[in-house]
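*Asks:* Got a predicted model here, sequence first, then my questions.
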Amino acid sequence: MGFLVNFTLRSRMKKLFYVLLTVFLLNVLFFACTNGTIREELVWAEKQMEAHPDSALTILKEIGKKSGSSQMSKKQYALWCLLLTQAQDKNYIIQPSDSLIRIAVNYFEKRNDKPHRMKAYYYNAVIYHDMGDSPHAQEYYLKALEAGKESDDHAMLGRIYANLGSMYNYQNLTEEAKTCQEKAVEHFSIMEDSVNIGITWRNIGRIYSKNGALDSAVVYYSKAMPFLSKQNRSSIYNEIGGIYKRMEQYPKAFEYIDSALVSPMNKNDAFAVYLNKGDLYRQTGQYDSACFYLFLSLASPGIYIRSGANHSLSYLEEKRGDYTAAFKYMEKHLQLQDSINKAERSRDLKNIESLYNYNLIEKERVFHAMKSRQKTSWIYSLILCLILITGSGFLFYQRKKQLTKKNHDKELLISKQKYEQGQLFIEEKEEEIRRLKEAQEQGPDKHQKYKLAVQEQVLNMELEYDKQKRGLRKGSYIEFEKSDLCKLFLFSKNIPKKEDWLKLDEWRELLYPDMRSFLKNMHPKVDEKDIRMCFLLKIGIQGKRMSALFNVEMSTISQKKKRLCKLLTDEKSSAKDLDLFLAEMFKAIE
């Protein structure tokens, strides 16, 4: 029965595993297919952008509806944000926020994808320009140029230079504006983009016209003419007519303005032509014709054209002597001009505010960059100091280690010499006694024999004293081994008391008076417990008994022996090495 239950459970678990595996694989397959479809649609939208921006916008909106950011990779989502911004701009949809394009900018800034980075910077600049934030717009146009240094996208580079030139012209930076527009013409010429070539030549003509270089303005307007369609030529004809009017070359002014009137144009352009021709008639004294065209221009929805028409009609009525009408038109002109001034002041204030905010942001950025550099510099300085301190400490430690080793070697040498000298002393005394005995046997003189006998007796006494001294120590050691104190430490289950330890210290001083000084000279960190442990090792106490005496674990005793051996030999050693070292030491100090 139990076997059947286990078999059923295993079968169910196996089925559940296969079901989960199938679901997982289907999800992976679905994600891969969806991801592939999104990638293909984005590629298609990018290809259609220049020729069919409306179709590109439609497909991009569809991608956004059916595939949120969660179903796209980071790269796909960044590219979608960039292309959607581009499509909206090409379809003349004003974007009130830079939130969408910033996603693309933040992504492509960190990748080695310069074409998309340049495009992201460009459309970020366009949006800033639409928002009235000229400083940031100019900054991102320049960033786009930097990213596009090696680009062959001449259409994009041409637009960047053209827009940057217009911004410089607005700031009255004439030379910079002309340079940018001329570079724009170079890029549009490579693309054979006749429309943008014509518009850019016209923009250069406007720069010269604004600065009073009227002959040069006419030259560039004339250059623009062949590249523009008939519908776009009307505004050029009108502007050239206006220039000749300012130059008081009225026949040519009439010629170009009449050409503008007969050219195809939209309604707003027509009002500008009516104003220009009406004012030309006024300047040439043809007041009735002037009134006709000026009245037509009064119907314009544009505040600038209506202001100009009222201003011209005021002068006209003044010439006629109708001062009431002249005052009425002048009053209307001043009202419109006041509205224009308010709008321009508001725009200027907005630009000033944008510049102020831009400067604040730049100051904040510079401040944080400086703080970051200071912090980095401080960290590097700290690291350098730590390296110097560590290096100095290491050198000091090595030097101390060498000195300790020298002292250790010296102590061993001295001890060895003492031992050898002791042995040599005995041998020399024994040899001297032997010679004295031989001299006594061979000596001819009784007095000489007596003198030799006295010398022999003195030498025997000295030798006996040394032997007694050694024998006393040896006897004392035997006496210690037979003592109850030694048995207490070696065999008893009782733990020695404080007075027992003190007695043990007394025996140690009696048996090995040089032991303490020897160990202390080897290393100043050797303490009383270390000296006691060395003596206990000498009398044969090891392992469990040692741990019981010191009331610690056996592993602790082993660690203590290793530590002590390292202190004494200044080398990484084992517990057994301490026993070898102590054997040499006791041999030297006995």
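*Replies:* The structure has been received and is ready for your questions.
*Asks:* Which parts of the stretch 251-400 of the chain are strands?
*Replies:* Here the stretch 251-400 of the chain has no strands by DSSP state E, counting those that start in this stretch.
*Asks:* all helices for it, in order.
*Replies:* Remark: helices assigned in the stretch 251-400 of the chain by DSSP state H, counting those that start in this stretch are 267-283, 287-297, 303-320, 323-442.
*Asks:* Comparing those, which yields the minimum mean pLDDT?
*Replies:* Of all those, the minimum mean pLDDT falls on helix 323-442 (a mean of 67).
*Asks:* So which residues of the stretch 51-200 of the chain form strands?
*Replies:* With DSSP E, counting those that start in this stretch as the criterion, the stretch 51-200 of the chain has no strands.
*Asks:* where does it dip in pLDDT?
*Replies:* Applying pLDDT under 70 to the stretch 51-200 of the chain flags no residue at all.
*Asks:* change it to 90
*Replies:* The model of the stretch 51-200 of the chain has pLDDT under 90 over residues 51, 56, 59-75, 92, 94-97, 110-113, 129-136, 149-150, 170-172, 194-195.
*Asks:* What's the local residue count around the spatially closest residue to residue 568 that is not a sequence neighbour?
*Replies:* Once flanking residues are discounted, residue 568 sits nearest to residue 522: 4.9 Å by CB to CB, 6 or more residues apart in numbering. To be clear about C-beta, it is placed using only N, CA and C from the backbone, and glycine gets the same treatment. Neighbourhood size, residue 522 [other CB atoms under 10 Å]: 21.
*Asks:* And residue 181, by the same measure?
*Replies:* 26.
*Asks:* The nearest residue to it once chain neighbours are set aside - how many residues pack around it?
*Replies:* Excluding the flanking residues, the one nearest residue 181 by CB to CB, 6+ apart is residue 165, at 4.1 Å. A count of nearby residues for residue 165, using other CB under 10 Å, gives 25.
*Asks:* Quick check: residue 165 touching residue 177?
*Replies:* Yes: here residue 165 reaches residue 177: they are 4.8 Å apart, a contact under CB atoms under 8 Å.
*Asks:* Give the residues shared as contacts by these two.
*Replies:* Residues within reach of residue 165 and of residue 177 at once, by CB atoms under 8 Å, 6 or more residues apart in numbering, are residue 207.
*Asks:* mind checking pLDDT for the residue nearest to residue 568?
*Replies:* 81.
*Asks:* Check the gap between it and residue 538 for me.
*Replies:* Using CB to CB, to the nearest Å, one obtains 16 Å as the distance from residue 522 to residue 538.
*Asks:* now do residue 331
*Replies:* 124 Å.
*Asks:* who has more neighbours, the two?
*Replies:* Neighbours per residue, other CB under 10 Å: of residue 331 and residue 538, the larger number sits with residue 538, 18 against 12.
*Asks:* In contact with that one: list those residues for me.
*Replies:* Going by CB under 8 Å, 6+ apart, residue 538 touches 512, 582, 586.
*Asks:* mind running it again at 7 Å?
*Replies:* Contact analysis of residue 538 by CB atoms under 7 Å, 6 or more residues apart in numbering lists 582, 586.
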